[in-house]
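J.: Sequence first, then the predicted structure, then my questions.
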Amino acid sequence: MQIGLLQPGPCRHAGLSNSHNPPAHIACGARHATRLGDTSLGRAAGRAARVYVARDRDLPFPPVMLPAHRRRSMNNLCHCMRTQADLRFNFSRNLNPETELKRYFGARAVLGDQRPRTRQRQYACSTWLTVPKNTWPRQSKAGISMALLETKRGVQHFAFEHHREYQQVQFKFLDAVESMDPNNLVLLLQLNSSHVDSLLQLSDVCRMQEDQEMARDLVERALYTLECAFHPMFSLTSGTCRLDYRRPENRAFYLALFKHMTFLEKRGCPRTALEFCKLLLSLDPENDPLCMLLLLDLLSLRAREYAFLTRVFQEWEGHRNLSQLPNFAFSVPLAYFFLSQQEDLPDVERSHAHERAAGLIQQALIMFPSVLMPLLDRCSVQPDSAVSSHAFFGLEAQLSSPPALTQLVSLYVGRTHSLWKDPAVMAWLETNVHAVLRRVDARDPALEDAERKARYQNAPRNVYRHVVLSEIKEATAALPPEVTSQPIMGFDPLPPLDSLISYTRPERYLLHLFENIHPKIPQNTGISFKVEHGPTYTVEITEPGAGQNLNQGVNRLMAAMRDMLANIQFQEPPREDNPDGEGGEWD
């Protein structure tokens, strides 16, 4: 099952039972896929129909009496093929934020201040994730490629690979970070403008200095470099391509997508950010290394994709237990409530959505009572005396909450509290809170069942990694000591403990590289390093003024970087054969 599923296309056999005529449904899926240009999917559907007919035409009982598991398998096959075709048809269009901005503000408002189209620089590859800009440095061979590792059960497993030259640059990057002098990072990027980790690290520095435009531009450059290295068979829209996060070379792509998605959400493009969230989840839906399920509900609500969120919940609840996550437990009923307020829906559907919303929000309040008070506090709402004085939602609920659950609650409240400030939403919540209190006083058996289900131990590492990347203060403050006591690197936060290392960094490689570049730096600075094998390492600062020096270094970095980007000039090479013609591709 894929997370990025859109509504399936219409089928002329929809009025018939799938179990009554499965080949007709599959053949319809084949024709639908062929109309969309996906001939390979159409051929696969046609083969499935022929195989089914050849296998079951001589069965001693009619198709309507097929076993339940056979009917479900055929239904899922037909449904999945039509849905994948729709997904491929719409996915690329939704990855462009300008499309969403034009929908909100109009093309004139979005493109009004842009210059008329002139001769554009020719780039080596056409990309979907980003649009290359003329202000970017000339794209050269980055030293990154992608390889197809294996294909299992129709799923293709890929991995980025670092060439030998890129590995040397990666070692220099680790030395630059280890030196704790941001100027070394600028020097490295000047010599290697396509080094992905350097671009992402400088983006974090710009973001901390509130230079959002430059931070976003650096992330887009990193994404462009990685997309140009894609394998010819790697598809962003198929839903069958996987990247193992345990391989360090793949992590930069995950982090670049996550940072780009965050910038899109801040720019007011929640629908585009939702598509990138689906893309991140499709790269490894089983392990979900960046825990995108903790963000999928928020982006769906902000993009007003309520039907998509409710559908994901219905299809995944059976095997993923999404109701055990506070964000899904509260966001799904909120989506149903918003659906019940849409006047274009029939009255029957609106009534059903309202009933479904009431039942799910009461279930969420019973299972996670520690969410209510922090949520009301962030919404600046004072509960009435009946709620504030009741023990079920009182201080005891906060103190008895496990640390892992507290992190998830803090993360959800910090992100979504603005969605609950609507007066209609707050009135609906108040009604259901009082209904829950009446059930608590009546000792409803559902309370004991909720206490049995809501058992949280230590959170997995991907949740901690997501909390670190989210930068929600309340959530990061709740991180356990075993996480905060170890170094957390921005270019590789909390790497998996079972990482698959393809190459290792020689210990203290290029020890005196930056000392030769900056001979004025004292040799005994009071900063000692403890370097371990592999990409992770620890840095122990023993100098009393190290923090002040680091802050000064960051300021010097920003000044040097702005000066570097301001002085970059691009000159087209002269063409003797055709000086006025279009330029070719860059080397």
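T.: That came through fine.

J.: who are the neighbours in contact with the closest residue to Ala229 other than its chain neighbours?
T.: Excluding the flanking residues, the one nearest Ala229 by CB to CB, 6 or more residues apart in numbering is Ile144, at 4.3 Å. For the C-beta atoms, the positions are set from N, CA and C on the backbone; glycine is no exception. By CB atoms under 8 Å, 6 or more residues apart in numbering, Ile144 lies in contact with 160-163, 166, 196, 225-226, 229, 249.

J.: and the closest residue to Ala364 other than its chain neighbours, how many neighbours does it have?
T.: Distances taken as CB to CB, 6+ apart place Ala329 nearest to Ala364, at 3.9 Å, with adjacent residues excluded. Using other CB atoms under 10 Å, Ala329 has 25 neighbouring residues.

J.: again, but for the one 4 residues further on
T.: Residues lying near Pro333 (other CB under 10 Å) number 26.

J.: For the strand or helix carrying it, name the packing helices and strands.
T.: Using DSSP states H and E, Pro333 sits in helix 326-340. In terms of contacts (3 or more CB pairs under 8 Å, 6 or more residues apart in numbering; DSSP states H and E), helix 326-340 is packed against helix 293-302, helix 306-320, helix 347-367, helix 403-416, helix 423-441.

J.: tell me the most buried of those?
T.: Mean neighbour count (mean count of other CB atoms under 10 Å) peaks for helix 293-302 among the helices and strands packed on helix 326-340, with a mean of 23.

J.: mean confidence score for stretch 161-171?
T.: The average pLDDT within stretch 161-171 is 96.

J.: same thing with stretch 280-299?
T.: Stretch 280-299 shows an average pLDDT of 95 in the prediction.

J.: First residue to last residue on it, what's the distance there?
T.: Separation of the first and last residues of stretch 280-299 by CA to CA, to the nearest Å is 13 Å.

J.: Could you chop this structure up by domain?
T.: As assigned by automatic domain parsing, the chain contains the domains 22-94, 315-495.

J.: before we move on, back to that, kindly calculate the angle that the helix holding Pro333 makes with helix 423-441.
T.: Relative orientation of helix 326-340 and helix 423-441, computed by axes from the mean of the first three to the mean of the last three CA atoms, to 10 degrees: 120 degrees.

J.: orientation of helix 326-340 relative to helix 403-416 in degrees?
T.: Helix 326-340 and helix 403-416 meet at an angle of 40 degrees, taking the same axes, to 10 degrees as the criterion.

J.: Show me which residues of helix 326-340 are buried.
T.: 326-340 (16 or more other CB atoms under 10 Å).

J.: Go through the contacts of Ile144 and flag which are in helices.
T.: Within the contacts of Ile144, residues falling in helices by DSSP state H are 166, 196, 225-226, 249.

J.: so where's the chain shaky on pLDDT?
T.: Counting by pLDDT under 70, the chain has low-confidence residues at 1-93, 96-124, 451-455, 508-587.

J.: Start and end of stretch 283-294, how far apart?
T.: One end of stretch 283-294 sits 16 Å from the other (CA to CA).

J.: For stretch 364-382, output the C-alpha coordinates as CSV.
T.: Provided in CSV are the C-alpha atoms of stretch 364-382 (Å, rounded to 0.1, in the frame of the first residue of the first chain):
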residue,chain,number,x,y,z
ALA,A,364,-9.0,10.7,21.0
LEU,A,365,-9.8,12.6,24.2
ILE,A,366,-10.3,9.4,26.1
MET,A,367,-7.1,7.8,24.8
PHE,A,368,-4.9,11.0,25.1
PRO,A,369,-6.4,13.2,27.8
SER,A,370,-3.0,15.0,28.2
VAL,A,371,-3.5,16.8,24.9
LEU,A,372,-6.5,19.0,25.9
MET,A,373,-4.9,21.4,28.4
PRO,A,374,-1.7,22.2,26.4
LEU,A,375,-3.9,22.7,23.3
LEU,A,376,-6.2,25.1,25.0
ASP,A,377,-3.3,26.9,26.6
ARG,A,378,-1.6,27.4,23.1
CYS,A,379,-5.0,28.6,21.8
SER,A,380,-5.3,31.1,24.7
VAL,A,381,-8.6,29.5,25.7
GLN,A,382,-9.6,29.2,29.4
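
J.: residues making contact with that stretch?
T.: 323, 326, 329-330, 333, 383, 387-388, 392-394, 397-398, 400-401, 405-406, 409-410, 412-414, 417, 420-421, 426, 432-433, 436, 439-440, 444, 446-447, 450, 453-454.

J.: could you redo the last one with a cut-off of 6 Å?
T.: Residues from elsewhere that reach stretch 364-382, judged by CB atoms under 6 Å, 6 or more residues apart in numbering: 326, 329-330, 383, 392-393, 397-398, 401, 409, 413, 417, 420-421, 436, 447, 450, 454.

J.: same check, this time on stretch 333-349
T.: Residues outside stretch 333-349 that contact it (CB under 6 Å, 6+ apart) are 306, 309-310, 350, 353-354, 356-357, 360-361, 428.

J.: element containing Glu265, please.
T.: Here Glu265 is assigned to helix 248-266, by DSSP H and E.

J.: again, but for Glu150
T.: Applying DSSP H and E, one finds Glu150 within strand 144-152.

J.: in its sheet, what does that strand sit against?
T.: Applying DSSP bridges to the sheet, strand 144-152 is found paired with strand 155-162 (antiparallel).

J.: in this protein, which spans are strands?
T.: 144-152, 155-162, 241-243, 527-530, 538-541 (DSSP state E).

J.: Just the buried residues of the contacts of Ile144.
T.: Among those, the ones that count as buried by 16+ other CB under 10 Å are 160-162, 166, 196, 225-226, 229, 249.

J.: Now the two most distant members of the residues you listed.
T.: Glu161 and Thr225 (13.8 Å; CB to CB).

J.: circling back to that earlier point, next, format the helices and strands packed on helix 326-340 as a markdown table and append distance to Gln201.
T.: What follows is the helices and strands packed on helix 326-340, written out as a markdown table (distance: least, CB to CB, whole Å):
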| stretch | distance to Gln201 |
| --- | --- |
| helix 293-302 | 23 |
| helix 306-320 | 34 |
| helix 347-367 | 39 |
| helix 403-416 | 25 |
| helix 423-441 | 40 |
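
J.: between those helices, which one is nearest to Ile472?
T.: Across the helices and strands packed on helix 326-340, closest to Ile472 is helix 403-416 (CB to CB), at 4.0 Å.

J.: Which residues does that closest one contact?
T.: Helix 403-416 is contacted from outside by 298, 326-327, 370-371, 374-375, 378, 456, 458-459, 472, 474-475, 478, using CB under 6 Å, 6+ apart.

J.: Identify the farthest-apart pair in those residues.
T.: Arg378 and Asn458, at 26.0 Å, using CB to CB across the contacts of helix 403-416.

J.: more neighbours, those two?
T.: Higher neighbour count among Arg378 and Asn458: Arg378, with 16 against 12, using other CB under 10 Å.

J.: what about that one, distance to Lys421?
T.: 9 Å (CB to CB, to the nearest Å).
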